[in-house]
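Visitor: From the sequence below, what's the structure:
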Amino acid sequence: MDAHTFPGSLGLYLAELVKRWDVTPRDLFEGTRIQVESLTDLRSRFQSAQVIAVLERARKLTGEPALGFFLGTELRVSALGTLGMAVLSASTVREAIDLSIEFMPIVTTAFGLRLRVEGREASIVVEEHADFGTARDIVLLAVLTALWRIGNRMTGQDMTGYADLAMPEPEYFARLGRIGDHIRFNQPVTRLVFDASYLALPYKMHDPIALQFARQECAETLDSLEGTQRTVARVRGLLNAKRGYLPSVVQAAAALHMSPRTLKRLLAGEGTSFSLLVQEERRERAMLLLRSRTLSIKDVARSVGYSNVMNFTRAFHRWTGTTPGEHRRSFADCLPSARVA
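Guide: Below is the predicted model:
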């Protein structure tokens, strides 16, 4: 767990948030080994264990179980540091998302982002690389809420969509009223879902010169880090780039301007393989596509690379312990797209 860290600026936003409940910064960080004075140091970092401890302490002191939602509304793009500068300067929603995916490791390796586009629907998938324990609901709600709010602010538009969370519904969630109507729990992945046309929306503060400098600094910082899984992220981007198509390892290597041998070596160094990434992509794509009432199971099988429904059914059962038909029936009452407040 402690291999992952977070920027100290997170503590500043949390300290500001809990003032609403008359909780002081010193009360908040008592017993966490986090010095209040260190929060203004741009180089300060928190260990994951410290983040979990302070988030749970904040929930206890405020008495607010849905703390993650309120933290997400408090966070600003500046919390991302140099990456935040790059995002602010991006030209479109798509470019901002691509920057966030590529350079998130310089902010934290505790989670990553992926973009999926399936026809008219796009989604930002949140990948968890750390165990957030009892604070997991706080972290996931904060991340999803912050991503949505930042997008709305930067485009100047009230975008619509919904959120999926790969976790059980918390007991407190009914208290959030109509906001909770647009969040689904017990889903295959954690993601924000929206109309793919939003990807082309322009950002109001686009600055190509500032973007060039910020991107260069992000790249230099990323190059200095170890274990950032850059090749994994690039391969995953190729795998989910086109619906109904999955490249071979030779095709993927060619697209990344390297030999298949080099690609396999880099992926092994990042703790995975091309075949495992293909399997993960097939599993996730199948679980999402099976929710569509307009696609037959044969259509879904073909989309994830199986020409034979029986082989697809066997693979799906191996992945999930259930059949495609059973999985589809379990999501028969899924909500259509709705507004995220």
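Visitor: quick one, strands of the stretch 101-250 of the chain?
Guide: Assigned strands in the stretch 101-250 of the chain, in chain order: 111-118, 121-128, 161-164, 183-184, 190-195 (criterion: DSSP state E, counting those that start in this stretch).
Visitor: Pull up the pairing partners for the third one, direction included.
Guide: With DSSP bridges as the criterion, the sheet partners recorded for strand 161-164 are strand 183-184 (parallel), strand 190-195 (antiparallel).
Visitor: rank those strands by pLDDT, which is bottom?
Guide: If you rank the strands paired with strand 161-164 by mean pLDDT, strand 183-184 sits at the bottom with a mean of 88.
Visitor: what's around residue 171, how many residues?
Guide: 8 (other C-beta atoms under 10 Å). From N, CA and C alone the C-beta is placed, and that goes for glycine too.
Visitor: Determine the number of other residues adjacent to the closest residue to it other than its chain neighbours.
Guide: Spatial nearest neighbour of residue 171, excluding adjacent residues (C-beta to C-beta, 6 or more residues apart in numbering): residue 65 at 7.7 Å. By other C-beta under 10 Å, the residues close to residue 65 number 16.
Visitor: Does residue 65 touch residue 56 like I think?
Guide: No. Counting by C-beta atoms under 8 Å, residue 65 sits too far from residue 56 to count as a contact (11.0 Å).
Visitor: now the strands of the stretch 101-250 of the chain in JSON lines, with distance to residue 76 and mean neighbour count?
Guide: Shown next, in JSON lines, are the strands of the stretch 101-250 of the chain (distance: least, C-beta to C-beta, whole Å; neighbours: other C-beta atoms under 10 Å):
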{"stretch": "strand 111-118", "distance to residue 76": "17", "mean neighbour count": "19"}
{"stretch": "strand 121-128", "distance to residue 76": "18", "mean neighbour count": "20"}
{"stretch": "strand 161-164", "distance to residue 76": "20", "mean neighbour count": "23"}
{"stretch": "strand 183-184", "distance to residue 76": "22", "mean neighbour count": "19"}
{"stretch": "strand 190-195", "distance to residue 76": "18", "mean neighbour count": "22"}
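Visitor: got those strands as a markdown table, with distance to residue 284 columns?
Guide: Output for those, formatted as a markdown table (distance: least, C-beta to C-beta, whole Å):
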| stretch | distance to residue 284 |
| --- | --- |
| strand 111-118 | 8 |
| strand 121-128 | 8 |
| strand 161-164 | 12 |
| strand 183-184 | 16 |
| strand 190-195 | 10 |
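Visitor: Nearest to residue 14, out of those?
Guide: strand 111-118 (17.0 Å; C-beta to C-beta).
Visitor: Centre-most residue in this structure?
Guide: residue 126 (2.1 Å; C-alpha atoms, centre = their mean).
Visitor: who does it bridge with?
Guide: residue 113, residue 190.
Visitor: Against residue 25, how distant is it?
Guide: 28 Å (C-beta to C-beta, to the nearest Å).
Visitor: what does residue 52 give?
Guide: 18 Å.
Visitor: more crowded one of those two?
Guide: residue 52 (22 against 18).
Visitor: in which helix or strand would I find the more buried one?
Guide: Using DSSP states H and E, the element containing residue 52 is helix 48-62.
Visitor: downstream neighbour of that helix in the secondary structure list?
Guide: As the chain continues past helix 48-62, the following element, by DSSP H and E, is helix 67-74.
Visitor: picking that back up, and the residue nearest to residue 171, how far from residue 51?
Guide: Counting by C-beta to C-beta, the gap from residue 65 to residue 51 is 18 Å.
Visitor: same deal with residue 5?
Guide: Relative to residue 51, and taking C-beta to C-beta, residue 5 is found at 9 Å.
Visitor: So for the two, which sits in the more crowded spot?
Guide: Each of residue 5 and residue 51 had its neighbours counted (other C-beta under 10 Å), and the higher figure belongs to residue 51 (26 against 18).
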